[in-house]
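>>> Predicted model, plus sequence, below.
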Amino acid sequence: MSKTIVAAIGGNAILQAGQEGTFENQMNNVRTSAKFLAKLIKDGYKLVITHGNGPQVGNILRQNEVAADVVPQLPLDALSGQSQGFIGYMMVQCLVNEFQALGIDAPVTNLLTRVEVSRDDADFQNPSKPIGAFYSEEESKQLAAEKGWKMVEDSGRGYRRVVPSPEPLKIHEAQTIKTLAEAGNVVVACGGGGIPVVTVENGTVEGVEAVIDKDRSGFKLAQEMEADVFMILTDVENVYVNYGTPEQKALGQIKVDEMDGYVAEGQFSAGSMGPKVESALQFAKTTGTAIICSLEQVDKAIRGESGTIISK
């Protein structure tokens with residue numbers, strides 16, 4: 001029976017740093033990504049793909065803000081669903097075309113995915129995730145007063161809105177995604193970390209204005225699906241310790257206890273590799289094998305020839 005992989009691809013697979021966010025640029029990047037992901041299908045694996053949406057949802061939010069006097073603005077959870085739709089469309093289109101070129105008979109589908117979070121998550125009281133456009137200090141004060149937004153200075157480039165980034169608790173569509181994957185479908189799901197929702201007292205589900213880290217949601221999805229492998233695909237071939245120093249070392253095959261030690265040392269930045277290592281480590285402890293590797297080396301990594309591979 002073929003193994004199931006949940007692969008979380010980084011934002012660079014859709015829009016690279018410094019690129020203009022045109023549809024053509026993004027489609028070309030996704031087309032390239034599809035060529036690497038198709039290797040996993042060709043090797044006989046079942047595949048579920050999740051992806052980031054930071055630049056995309058930021059651009060949609062900017063459109064909302066600029067056109068606010070003409071078109072009513074939508075809440076952030078709706079914008080997340082909007083980005084899931086158009087990124088999923090690009091991925092489905094490119095994967096189907098790549099499969100056709102390779103003679104692979106595998107249906108591909110995109111599934112809008114809701115992710116449960118808690119209203120009591122500390123990030124709702126102290127939002128931490130900058131999103132959207134940069135504003136002057138005067139503009140930020142005006143927006144805070146008019147809209148109730150929390151604004152922070154970001155990296156010397158101006159002021160930005162910050163929103164909650166709560167922990168994912170449950171993937172609402174996990175069983176549907178698992179059923180589709182087991183039936184031979186390649187599924188694009190949980191895009192951008194998923195659409196954040198909460199369950200209220202009467203049992204109904206409501207969207208909330210927040211964003212969810214895509215690697216953490218990817219872990220939760222892989223765990224709930226009982227996937228065999230969780231892969232986090234980035235623009236680097238390995239996780240490094242002592243990064244940027246003469247003692248820098250790439251991590252290859254590694255056990256969870258050793259990786260726990262590196263985490264305790266504070267080796268991984270909270271703003272970059274930290275969430276990836278945290279998510280991969282949790283999966284390796286609870287469910288299966290976790291791999292952090294470059295998208296270009298995905299076929300070698302699944303064979304144990306590249307990447308950082310974490311196991312019990």
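Arrived safely, thanks for sending.

>>> Find the residue at the geometric middle of the protein.
Per Cα atoms, centre = their mean, the C-alpha nearest to the average position across the chain is that of residue 214, at 2.7 Å.

>>> That one and residue 274, how far apart?
According to Cβ to Cβ, to the nearest Å, residue 214 stands 14 Å off from residue 274. For the C-beta atoms, the positions are set from N, CA and C on the backbone; glycine is no exception.

>>> Then residue 161?
Residue 161 is 23 Å from residue 274, by Cβ to Cβ.

>>> the more surrounded of these two?
residue 161 (24 against 15; other Cβ atoms under 10 Å).

>>> and the more buried one, that's in a strand?
Yes - when DSSP: H, G, I helix; E, B strand; the rest coil is applied, residue 161 is found to be in a strand.

>>> Quick check: the gap between it and residue 207.
18 Å.

>>> for this protein, what's the longest helix?
If you go by DSSP state H, the chain has its longest helix at helix 76-102.

>>> Can you name every helix or strand that that one contacts?
helix 23-42, strand 46-51, helix 54-66, strand 108-111, strand 186-189, strand 195-199 (3 or more Cβ pairs under 8 Å, 6 or more residues apart in numbering; DSSP states H and E).

>>> pLDDT on the third one, on average?
Averaging pLDDT along helix 54-66 yields 85.

>>> Just give me how far that helix sits from the chain centre.
Computed by Cα atoms, centre = their mean, to the nearest Å, the separation of helix 54-66 from the middle of its chain amounts to 17 Å.

>>> quick one: that helix to helix 76-102, angle?
130 degrees (axes from the mean of the first three to the mean of the last three Cα atoms, to 10 degrees).

>>> Which strands and helices lie in contact with helix 54-66?
Using 3+ Cβ pairs under 8 Å, 6+ apart, helix 54-66 is in contact with helix 76-102, strand 129-135.

>>> contact partners of the shortest one?
Outside strand 129-135, the residues that touch it by Cβ atoms under 8 Å, 6 or more residues apart in numbering are 54, 57-58, 61-62, 65, 76, 123, 143, 151-152, 154, 157-165, 211.

>>> Is it possible to mark the buried ones in these?
Listed as buried from those are 54, 57-58, 61, 76, 123, 143, 151, 159-165, 211; burial here means 16 or more other Cβ atoms under 10 Å.

>>> Out of the residues you listed, the closest to residue 299 would be?
residue 54 (26.5 Å; Cβ to Cβ).

>>> Residue 268 contacts residue 242, correct?
No - Residue 268 is not in contact with residue 242 according to Cβ atoms under 8 Å; the separation is 11.2 Å.

>>> gap between stretch 37-48 and the chain center?
On Cα atoms, centre = their mean, the centre of stretch 37-48 falls 19 Å from the chain's centre.

>>> which residues are in contact with that stretch?
Contacts for stretch 37-48 (Cβ under 8 Å, 6+ apart): 2-7, 9, 49, 95, 98-99, 102, 104, 106, 177, 181-182, 184, 186-189, 221-222, 225, 227, 229, 295, 298-299, 302.

>>> cool, and stretch 172-180?
Under Cβ under 8 Å, 6+ apart, the answer for stretch 172-180 is 48, 109, 111-116, 171, 187, 189-190, 197, 205, 221, 224-226.

>>> Compute the number of surrounding residues for residue 113.
Neighbour tally, residue 113, other Cβ under 10 Å: 27.

>>> give the contact list for it.
84, 171-173, 177, 189-191, 194-195, 221.
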